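[1] starting from these lines, generate the structure:
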Amino acid sequence: MSPGRGRTAVVVCCAALAAVIAARAGTVRADMQLEELPRTMVGSEPVIQAVPAPSGSPVAVITDGQMPPPVGYPAGGIAMAEAIAYDAPWSWQILPVGLIWHSYLAGVKEPRMGSVFNYQPGLGWVWDATAGGRVGLLRYGTPNGFRPEGWQLDLEGAAFPQLLMQQNWDMHSTDFRVGVPLTYGIGPVQFKFEVYHLSSHLGDEFMLSHPTVQRINYSRNALVFGTSYYATDNIRLYGEVGWAFYADGGSEPWELQFGAEYSPIYAPSFRGSPFAAINGHLRQEVAFGGALTVQVGWQWLNGGTGTRVRAGFQYLNGKNEQYQFFNQYVQQFGFGIWYDY
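    Below you'll find the model as predicted:
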């Protein structure tokens, strides 16, 4: 990333993210942490009791899947993410519901299902797709599906193909990633330790039409340690460091990733809510330069599992995240649809 463009992009993107957060932050009761308690009956209607933790405020009673709207939200029809069971007993669960650690919203090399249609000067329109997912295998922790606590072993993997829409839809390149994360969450803090493999492959069609382009054997097996923190119910901060014990094709050992996300857990049911996310990815092989990615748009959250569908705009500035071309500077902007685990 060129220094001038990089600084301008960072300032503009941070200002946009701060504006969205500030516009919505006043409408959310950030000091409320909910505990899932046994269901009781009020008349003929099942309810979940929820108490502010641990301020000692009066117990609030909410209907199943509903709660009185936070200050500033319209009355009626407020969907609430499942109460966070901070005090629920821990137990062993095979194939648990939900995840302790979620993919970074603006991380372009995260496992999910997604399609982004980008315009990239020099290539024209490209289709950056993601076909993958992240699932829980085993958990010792709370049984809730939304922001559970405890230890969890996951499996994740994805393919990241890029197609050249204005060049006969040729496959430009495809990166593949598979990993096994061990995660731990307690309250608003989560940790991740993961081993992953990533490799990059030049597209056959592109090689046939560009015989002078040389394929590289970009590949890495790496260990990653990451942490994330929910500063409020709706705002997540995160960072991670990765070290490759095997690296080839220009890849070098160290990488850093960090960012912030605004993703409300309160939302009118079918109308959804806005989101904003920013991600930085620095890599040793490009002298600890890298790429800055910003996303803004609208989302629909499943409050039982934390999965969500998003649609919005993406901007990327910096070194190419298609690793066959890792040392090339690119600037992209486009529209995407994502399904996040």
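[2] state the distance from the nearest residue to residue 184 once chain neighbours are set aside to residue 240.
    Closest residue to residue 184 in three dimensions, ignoring its sequence neighbours and counting by CB to CB, 6 or more residues apart in numbering: residue 191, at 4.7 Å. Placement of C-beta: from N, CA and C, glycine included. In this view, residue 191 and residue 240 are 10 Å apart by CB to CB, to the nearest Å.
[3] cool, residue 137 as well?
    21 Å.
[4] tell me the contacts of the residue nearest to residue 184?
    183, 184, 185, 225, 226, 227 (CB atoms under 8 Å, 6 or more residues apart in numbering).
[5] next one: residue 164
    Counting by CB under 8 Å, 6+ apart, residue 164 has contacts 123, 124, 126, 170, 171, 172, 206.
[6] check the gap between it and residue 129 for me.
    For residue 164 relative to residue 129 (CB to CB), the value is 13 Å.
[7] for the residue nearest to residue 184, give the beta-bridge partners.
    Taking DSSP bridges as the rule, residue 191 bridges to residue 184, residue 227.
[8] same question for residue 314.
    Beta-bridge partners of residue 314, as defined by DSSP bridges: residue 295, residue 334.
[9] which residues does it contact?
    106, 116, 118, 293, 294, 295, 332, 333, 334, 335, 336.
[10] roughly how far does the last one sit from residue 250?
    Separation of residue 336 from residue 250 (CB to CB): 28 Å.
[11] of those two, who's got more company?
    residue 336 (20 against 17; other CB atoms under 10 Å).
[12] OK, contacts around that one?
    Contacts of residue 336 (CB under 8 Å, 6+ apart): 114, 115, 116, 117, 295, 297, 310, 311, 312, 313, 314.
[13] ditto for residue 281
    Per CB under 8 Å, 6+ apart, neighbours of residue 281: 107, 109, 255, 256, 257, 290, 291, 293, 318, 321.
[14] now do it, the pLDDT please.
    Residue 281 carries a pLDDT value of 98.
[15] measure it to residue 258 for me?
    In terms of CB to CB, residue 281 sits 8 Å off from residue 258.
[16] with residue 114 instead?
    21 Å.
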